[in-house]
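**Q** Need a 3D model of the sequence below.
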Amino acid sequence: GAVSTAPVCSSGRLSLDALKVYPCWLGVDLGEVRDFSAVVMLFKTGAAHYAVIPHIYVPEQGIFSSPVASLTGWARTGALIQTEGSEADYQRIEDDLVRWFQTLKVQEIDFDRRSARLMMQKVRQRLEPTLGRDGAEQKVIDVPQDAATFDPAMTVIENLIDGKRLTH
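**A** Modelled structure (predicted):
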């Protein structure tokens, strides 16, 4: 089914199956040790409408040792993806990225360059047989974490939220 572009920001649960027909960008921020890692999917569902689905990965040790009691409940309901051990499960994230690239209309995979060099190389290598070297390099992007990058992006996000054109 199509995604509603009604002026509502929260829609409960968005379906990847319904969104797979739309262009998609994957934003990746890798955590370390007990830190969260995130892959946020941004789908362009209309001329000026977008949908966002976050995937938050947390090592089980980070959940159990966290002072935030809600984490165990969020993991149980699937709001967080609990991974084994005490460190970020980079292999799980890499496998998910490649799978989503193969099943969604991924335009780019955008990485926070901190802690991501190795994963960027591995994802590019896994995409090369399909896209070629240049194609893989054009799809897997290193995004600088600075005001020049974030300021315009935050303005766009703020306008989308104010206009209720960002569904999550």
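
**Q** rest of the way, CA atoms for contacts and neighbours
**A** OK.

**Q** Look at residue 21 and give its secondary structure.
**A** At residue 21 the chain is in coil, as set by DSSP: H, G, I helix; E, B strand; the rest coil.

**Q** and it, what pLDDT?
**A** Per-residue pLDDT puts residue 21 at 95.

**Q** Am I right that it is in contact with residue 46?
**A** No - look at residue 21 against residue 46 with C-alpha atoms under 8 Å: they stay out of range, at 11.5 Å.

**Q** What's the first helix or strand after the lengthiest helix in the chain?
**A** Determined from DSSP state H, the single longest helix within the chain is helix 117-139. Sequence-wise, the next helix or strand downstream of helix 117-139 (DSSP states H and E) is strand 140-143.

**Q** Check which helices and strands that following strand is in contact with.
**A** Under the contact definition 3 or more C-alpha pairs under 8 Å, 6 or more residues apart in numbering; DSSP states H and E, strand 140-143 sits against strand 105-112, helix 117-139.

**Q** if you average pLDDT over the longest helix of the chain, what comes out?
**A** For helix 117-139, mean pLDDT rounds to 95.

**Q** Show residues contacting that helix.
**A** 90, 94, 97-98, 107-109, 111, 140-141 (C-alpha atoms under 8 Å, 6 or more residues apart in numbering).
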